[in-house]
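**Student:** Just a sequence and a predicted model for now, questions to come.
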Amino acid sequence: MGERLGEHAVVIGGSIAGLVSARVLADYFDVVTILERDHIESRPAVHKSTPQGNHLHAIQVGGLQVLSALYPGFCAKLCAMGAVPLRLTKDFPVYRPDGVAYSLTGAVREPRDLGLELYSQSRGLLEHCLRECTLTLSNVRAQCDSPVERLIVSKTRVEGVCYKSGGEPHTIRAELVLDCGGRGSRAPRWLDEMGFTAPEETIIGVDFAYSSTRFHIPNHNGDLGPFSFVVGPPPEYTRGGALAQIENDLWLVSLGGRFRDYPPADEAGFMAFAQALPAPRLYEIIKDAERVEPISHFRFPTSVLRQYERLTSFPQGFLVLGDAISSFNPVYGQGMSSAALQACALGAILAERVNSPQGLDGIAAAFFPKAAEVVSTPWMLAANFDFAYPQTTGTRPPVPPEILRYLLALDALTAEDIETHKTLVEVFGLARPLSALWEEPLRSQVLARLNRTDNGA
């Protein structure tokens, strides 16, 4: 078989997670087929089954590093398509009730170039760029309008899928089926039908919603940077907003609110909500701007974590990845990067199996703990932000009081030390593990600050 692990792999779902996973699988299978239930345009567009697609999206630093490694020249291609480059945190002012900051907590009050670059674009453009990059591979093919109906199962092994195309049933035999079907994944139901146990779920009620649209802003006096946040500290402020420059010289505005304080989808309501944000900056920019598309509204009631790594048995030839494992509150922009990092973890496992007699056997037991490691950092970070609001429901990750004190001191230290600031941004951007916040010399610096605080200095 050489460097291959099988003849055919099937990916269920052709969105971000599915496309990146197909790229990883292409190194180890003769053919990789992506089956997407939606109709896919040959241009940047939003999937019918991606209701959040019209809203603000971001690939974090860690996710962008994965994409750059898997697709050489990816960032240049994204820019050529119209994406706008941004520098962290210089291009990310945060407008708060107490003034302008350059961190969401308000600790950093000066613009800093941390040497980290991101890109601003619509979800449709990002996905279109990824699709073009993935489908340049000769052994990857994609079929749209092809919903998967069920798995082909022999005893405890998944051997392919049954799907519909053009209204007719079809089958594909495969050594590996990867479910990247998103939050609505049918994997738990399929497991139950096969006699396996479905994964436990952790659910956090965040009750978040946002409304978004695009504006043309021709005259902004040259003082408008490519990205702006408007937020207020929790729990007092449940509203926020963001303004991002995207392709085609347009500006994407997303307004968000929690606990039934939702941004409306009509123009008058949208503008009134913007005017009532914690700071006036965003409203002042858009009040006289030209809106160029309808207002889209999306509600996200709960974050969901499915703990596949806890299962003691799982069918051979089958895996689950991306939002099908963990669906985060979208306000933190973690989902796409988490999926890319999970795909990277899968690639590392497959590389180890190439020359192993084990092949694909037991791949789930190897992969799901690695995926859980990837998910643990963004899940804990998002959950702790969400539980800053007393209305949030569900299971709060256990964080001892001494850890909270440490993190508060660490955040305060970012105002004084640019390297601490960069480390914190990289951890929140999923480019470094959470454990990096306790590495030396940072740990000693934070503990010294805590001592000074305890001694009244």
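**Tutor:** Yep, it's here.
**Student:** And Leu410, how far from Thr50?
**Tutor:** Distance, Leu410 to Thr50, by CB to CB, to the nearest Å: 36 Å. For glycine as for every other residue, the C-beta is placed from the backbone atoms N, C-alpha and C.
**Student:** more neighbours, those two?
**Tutor:** Leu410 (22 against 19; other CB atoms under 10 Å).
**Student:** Could you find the closest non-adjacent residue to the more buried one?
**Tutor:** Excluding its sequence neighbours, the residue lying closest to Leu410 (CB to CB, 6 or more residues apart in numbering) is Val446, at 5.0 Å.
**Student:** and that neighbour, how many residues sit next to it?
**Tutor:** When neighbours are defined as other CB under 10 Å, Val446 has 22 of them.
**Student:** Next, it: secondary structure please.
**Tutor:** Taken by DSSP: H, G, I helix; E, B strand; the rest coil, the conformation at Val446 corresponds to helix.
**Student:** Would you check that it makes contact with Ala412?
**Tutor:** No - Val446 is beyond contact range of Ala412, at 9.1 Å (criterion: CB atoms under 8 Å).
**Student:** low-confidence ranges in the chain?
**Tutor:** By pLDDT under 70, the weakly predicted segments of the chain are 1-2, 220-222, 456-457.
**Student:** Next, count neighbours for Glu290.
**Tutor:** 10.
**Student:** do the one 10 residues further on as well
**Tutor:** Using other CB under 10 Å, Phe300 has 21 other residues around it.
**Student:** In which helix or strand does it reside?
**Tutor:** For Phe300, the host element (DSSP states H and E) is strand 296-306.
**Student:** where does Asn384 land in three-state SS?
**Tutor:** Assigned with three-state DSSP, Asn384 falls in the helix class.
**Student:** ok, now which ones touch it?
**Tutor:** Arg396, Pro397, Val399 (CB atoms under 8 Å, 6 or more residues apart in numbering).
**Student:** and what of Ala142?
**Tutor:** Taking CB under 8 Å, 6+ apart as the criterion, Ala142 is in contact with Gly14, Ala22, Thr33, Ile34, Glu36, Ile40, Arg131, Thr134, Leu135.
**Student:** ok, the last one to Arg112 distance?
**Tutor:** Distance check for Leu135 against Arg112: by CB to CB, it reads 39 Å.
**Student:** Excluding chain neighbours, what is closest to the residue most central in space within the chain?
**Tutor:** When CA atoms, centre = their mean is applied to the chain, the residue found nearest the centroid is Gly335 (1.8 Å). Nearest residue to Gly335, sequence neighbours excluded (CB to CB, 6+ apart): Phe328, at 5.4 Å.
**Student:** right, and the one you found touches Met336 too?
**Tutor:** No - the criterion here is CB under 8 Å, and Phe328 misses it with Met336 at 10.2 Å.
**Student:** all strands of the stretch 201-350 of the chain, in order?
**Tutor:** All strands of the stretch 201-350 of the chain, identified by DSSP state E, counting those that start in this stretch, fall at 201-216, 227-230, 239-246, 250-258, 290-291, 296-306, 318-320, 326-327.
**Student:** and the angle for the longest one with strand 239-246?
**Tutor:** Going back to what we said before, that points to strand 201-216. Taking axes from the mean of the first three to the mean of the last three CA atoms, to 10 degrees, one finds that strand 201-216 is oriented at 60 degrees with respect to strand 239-246.
**Student:** All set now, cheers.
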